[in-house]
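1. With the input below, show me the fold.
(3 chains)
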Amino acid sequence: MTTQMKEKRDSAPTAPTPIVQLEGVEQHFGPVHALGPVDLTIGRGEFVSIVGPSGCGKSTLLEIIGALQDPARGSVEVDGAPLTGPRRRTAIVFQESATLPWRTVVDNVAFALEVRGIGRKERRERARELVELVGLGGFENHYPAQLSGGMRQRVAMARAMSTDPDLILADEPFGALDEQTRMLMAEELLRVVERIGCGVLFITHSIQESVLLSDRVLVMGRRPGTFIDEVPIDLPRPRMHAALSEPSATAAQERIWAQIRAEAEVAMVATRSTP
Amino acid sequence: MSARRAGGPAWIPPLVLAAAIVAVWTVTAALADSAVYPGPGQALESLRADIGDTRFMGSVADTARVLLLSYAAAIGVGAITGMLLGLSAFWSRAALPVVYALNSVPKIVLYPIFLLFLGIGDLSRGSFAFVSGVLPMFLIMVEATAGVSRLHLKMSASLGMSRWSLLRRIVVPSVLPSLASGMRLCFGLTLIGLLLAEMFSGSSGLGYELLRNLSLARVENIIGQVILIGVLALVPTLALQQLELRIRNRYEVTA
Amino acid sequence: MKARSSVVPSYVRPTPRRVAGLPSPAWTVVLVAGLVVAIELYARSGAVSRLDLIPVSEMVSRSVELLGDRDFVVGALLRSVLLICASFTASAVAGVAVAYVMARSRWVHRAVKPYVNVFYALPIFALYPVMVVMFGTGVVPIILLATLFSVVIVISNALVGFESAPPIVTKLALSLEMSRSQQLRKILLPSALPDILAGLKLGLAYAIIAVLATEFILATTGLGQVVNRAYNNFNTVDMYAGIVFVSVFALLANLALGAALNAFDWRRR
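-> Here you go, the predicted structure:
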């Protein structure tokens, strides 16, 4: 299955049935027009990032795809079918604090499997494998409070992978981590995603991070958020941090920054009223 | 290490303070030499006499029995109803102002209503103690349930969790620390409610004993009993404090 | 509100602004009105004796009448108000002072804090009979007990405030070489103010409870005693009128102080 996904990634970024297809999606909160209209297509196994100033509606868009918000308008299709509720094979990675403080590392990772009614023995076994995979071997029985922020984020990543996802939605997952840990975690995420070959929608405010990770970076303008630019990233995979200093990567970063700068300057003044 | 450098173990200053208060009490009582101001020795002496008295011990047992029942009911009812209301943000917003208002009224003046409808006896006293404890417990649990981490809710929703599963796996563990502190707080409040009720309309119980000795002008007995009540209140409170500490260590959301 | 059905699990949907066309404050009113009407109808239905319950309308009209009664206003209401004010003022001043000393002295802090922590677990009203024997049934035991009962909540809140001054601000004070009184006036008090105000609000509520409870248990006059006496004289109308009066009085006093203190709170600006 993994090789199949790889093939698709190599041949064409937009395969016949994309994993995500949005048309004319809009969101309003009361009188506030928060998002859209937005069209978005994510191919199978494609890694797409959205960058934009804070409060522009990036997270809103992600939550709409994850069935955590109803859009005010527009159609949302995931895996070729209209969204009817949270999908089994969509995994959402939140910020690190989404780990449950009263559960050990293993039980946090096994949580999604537990909710789906998988027996105690089997889910623990699979959770242990995943804990090993994200490099937390030896910490199985620790509680989140005993871990660093980066380690907690690994727990959240392992939980997201536990349900064999074909789509991962990541909402600024490394936002609360320091710069060095962020970069390590980003490389870690790439490794894991390439292994299971799923599509990813990655929300971030870090331009570097988006360039390092993505096949495509979408730049969102300030509220109501719409896409103002689309930047393809043509760097060979597997990528490491050093790839950022290649000419095409620096060019992409410059281009995104130029797009976002004007938006950010206006948004900075208007930020006080955003939720 | 640092605690030692800053003046010995933590329990020394409070002990010194307590000793100083007892010393001042002893000296002033000896100087005053008054029937209405007995010293600690006399108070403890009469407390020992009281404890040897079967009628008095019957009163203690009555208070303990009614307290235990009304406390258990207050915790159970307050926790469950509070959690149910807390699950609905809209209805919490609608109902909470009324409950907060009710809770800020000096409840003791409502006690005659209990007497009119339930008669004088354990039932009315216990019910009043129950009401004294259940309102704060309810409020604590509504707030705690409403405060369950939004991120945890979203995470659960993304896994398609049912309401029941959410309650069991997320809400209950999240509110446990508040439940523990509610249990500690409400013990004292239930006890106060019960003692006030006993003082007003008792035929037995510790509150009744206090007022009986007041009419007999036996101050040393009153003080002795106040000491006893203090000890009886402190022991469960300290135990509940330990419980709370353990639960907080494990369940509190720290990040 | 929306035509299409939601795909979102119910517990993460946004809170509805209205239910059945009414916003939540309107439902609060409906709730209270419903309770009042239910009691009114029950009392009028004849299912309950007039000795046990009277209609709410009679409770209210009688408690309004009480306001025109000189004996009630001067002998009970005014006296209780003065007692509450006296104990509240005493506990406000003493509470903030004790908390300041605790914040300044590590030893005092460690000596007093354990007692503050368990204070409200102790049924402090048990001391009231002791005070009555020592000082008689006058105003002294009531003020003493009410002050004692309300001072500790002021202490614990003010202490939280004094201790919440950010360390960086304390370092700033040191770097500016401020004197102790300057530090108190310019840094400690302002940064502790919101917590002190919260403590004062609770302090008033506690003072009211203590004064009314002690008056109710044993006193010669006062608001609490009015209810007690009416109950013992089988005067159900006056008893309910007194209860309504006390409840409304307590509510209004707490709301008024809350509103007044919020005006000083920089966190609410």
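
2. packing partners for the host helix or strand of residue A:60?
-> Counting by DSSP states H and E, the element that carries residue A:60 is helix A:58-65. If you count contacts as 3 or more CB pairs under 8 Å, 6 or more residues apart in numbering or on different chains; DSSP states H and E, helix A:58-65 packs onto strand A:20-29, strand A:32-42, strand A:47-51, strand A:73-78, strand A:167-171, strand A:199-204. For every residue, glycine as well, the C-beta is placed using N, CA and C.

3. now these as a markdown table including mean neighbour count, distance to chain C and mean pLDDT?
-> As requested, the helices and strands packed on helix A:58-65 are exported to a markdown table (neighbours: other CB atoms under 10 Å in any protein chain shown; distance: least, CB to the nearest CB, whole Å; pLDDT from 0 to 100):
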| stretch | mean neighbour count | distance to chain C | mean pLDDT |
| --- | --- | --- | --- |
| strand A:20-29 | 18 | 8 | 90 |
| strand A:32-42 | 19 | 12 | 88 |
| strand A:47-51 | 26 | 21 | 93 |
| strand A:73-78 | 17 | 8 | 90 |
| strand A:167-171 | 23 | 14 | 92 |
| strand A:199-204 | 26 | 17 | 92 |
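
4. Which among those strands is found nearest to residue C:72?
-> Among the helices and strands packed on helix A:58-65, the nearest to residue C:72 by CB to CB is strand A:20-29 (53.3 Å).

5. Parallel or antiparallel, list what pairs with the closest one.
-> The strands that strand A:20-29 pairs with in its sheet are strand A:32-42 (antiparallel), strand A:73-78 (antiparallel) (by DSSP bridges).

6. which residues are contacting the first one?
-> Okay, so that is strand A:32-42. A:14, A:18-28, A:48, A:57, A:60-61, A:64, A:71, A:73-74, A:167, A:199, A:201, A:218, A:223-227 (CB atoms under 8 Å, 6 or more residues apart in numbering or on different chains).

7. residues touching residue 169, list them.
-> Picking chain A for this. Per CB under 8 Å, 6+ apart, neighbours of residue A:169: A:62, A:65, A:66, A:90, A:91, A:92, A:93, A:200, A:201.

8. my bad, chain C
-> Residues in contact with residue C:169 (CB under 8 Å, 6+ apart) are C:187, C:191.

9. got a pLDDT number for it?
-> Residue C:169 is assigned 75 on the pLDDT scale.

10. Repeat that for residue C:15.
-> At residue C:15, pLDDT is 85.

11. if we can go back for a sec, derive a ChimeraX selection command for the buried subset of the contacts of residue A:169.
-> Typed into ChimeraX, the line below selects the buried ones among the contacts of residue A:169, using 16 or more other CB atoms under 10 Å in any protein chain shown:
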select /A:62,65,66,90,91,92,93,200,201
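
12. Of the contacts of residue A:169, which is the nearest to chain C?
-> residue A:66 (9.4 Å; CB to the nearest CB).

13. Please give me every residue in contact with the spatially most central residue of chain A.
-> Nearest to the geometric centre of chain A sits residue A:170, at 2.3 Å (CA atoms, centre = their mean). For residue A:170, the contacting residues are A:92, A:93, A:189, A:200, A:201, A:202, A:203, by CB under 8 Å, 6+ apart.

14. Quick check: residues of the stretch 51-200 of chain C near chain B?
-> Residues of the stretch 51-200 of chain C lying close to chain B (CB under 8 Å from any CB of the partner chain) are C:51-53, C:106-108, C:110-115, C:117-118, C:120-127, C:129-130, C:132-134.

15. now do 6 Å
-> C:52, C:106-107, C:110-111, C:114, C:118, C:120-123, C:125-126, C:129-130, C:133-134 (CB under 6 Å from any CB of the partner chain).

16. cool, and chain A?
-> So chain A meets chain B at A:66, A:68, A:86, A:92, A:94, A:97, A:98, A:101, A:102, A:112, A:115, A:145 (CB under 6 Å from any CB).

17. shaky segments in chain A?
-> A:1-16, A:96-97, A:267-275 (pLDDT under 70).

18. give me that answer again for 50
-> Residues of chain A that meet the criterion pLDDT under 50 lie in A:1-15, A:273-275.

19. list the contacts for the residue of the stretch 101-250 of chain C found nearest chain A?
-> Residue nearest to chain A within the stretch 101-250 of chain C: residue C:168 (20.2 Å; CB to the nearest CB). By CB atoms under 6 Å, 6 or more residues apart in numbering or on different chains, the contact set of residue C:168 is empty.

20. mind listing the strands for chain C?
-> C:18-19, C:22-23 (DSSP state E).

21. pLDDT of the longest helix seen in chain C, averaged?
-> Longest helix in chain C by number of residues (criterion: DSSP state H): helix C:189-217. Mean pLDDT, computed over helix C:189-217, is 91.

22. now for it, which elements pack on it?
-> helix C:79-104, helix C:139-163, helix C:223-232, helix C:236-262 (3 or more CB pairs under 6 Å, 6 or more residues apart in numbering or on different chains; DSSP states H and E).

23. Dump these to TSV, plus mean pLDDT.
-> Formatted as TSV, the helices and strands packed on helix C:189-217 follow (pLDDT from 0 to 100):
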stretch	mean pLDDT
helix C:79-104	94
helix C:139-163	94
helix C:223-232	91
helix C:236-262	91
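
24. can you count the residues close to the residue in the stretch 1-150 of chain B positioned nearest to chain A?
-> Using CB to the nearest CB, residue B:149 is the residue of the stretch 1-150 of chain B that sits closest to chain A, at 7.3 Å. By the criterion of other CB atoms under 10 Å in any protein chain shown, residue B:149 has 16 neighbours.

25. Helices of the chain, residue ranges please.
-> No chain in the question, so chain A it is. Using DSSP H, helices in chain A cover A:2-11, A:58-65, A:105-109, A:111-115, A:120-133, A:149-161, A:179-196, A:207-213, A:247-270.

26. wrong one, I was asking about chain B
-> Going by DSSP H, chain B shows helices at B:2-5, B:12-32, B:40-51, B:54-86, B:89-104, B:111-118, B:122-146, B:150-158, B:163-166, B:172-201, B:206-215, B:219-251.

27. any idea how far the residue nearest to residue C:32 when sequence neighbours are not counted lies from residue A:236?
-> Distance criterion CB to CB, 6 or more residues apart in numbering or on different chains; nearest residue to residue C:32, sequence neighbours excluded, is residue B:98 at 6.0 Å. As judged by CB to CB, to the nearest Å, residue B:98 and residue A:236 stand 66 Å apart.

28. Those two - which one has more neighbours?
-> residue B:98 (14 against 7).

29. Looking at that one now. What's its pLDDT?
-> 92.

30. With adjacent residues omitted, what lies nearest to residue B:226?
-> That would be residue C:126: by CB to CB, 6+ apart, it lies 4.9 Å from residue B:226.

31. repeat for residue A:92
-> residue B:158 (4.3 Å).

32. what does residue A:57 give?
-> residue A:225 (3.1 Å).

33. So what pairs up with that neighbour in the strands?
-> residue A:35.
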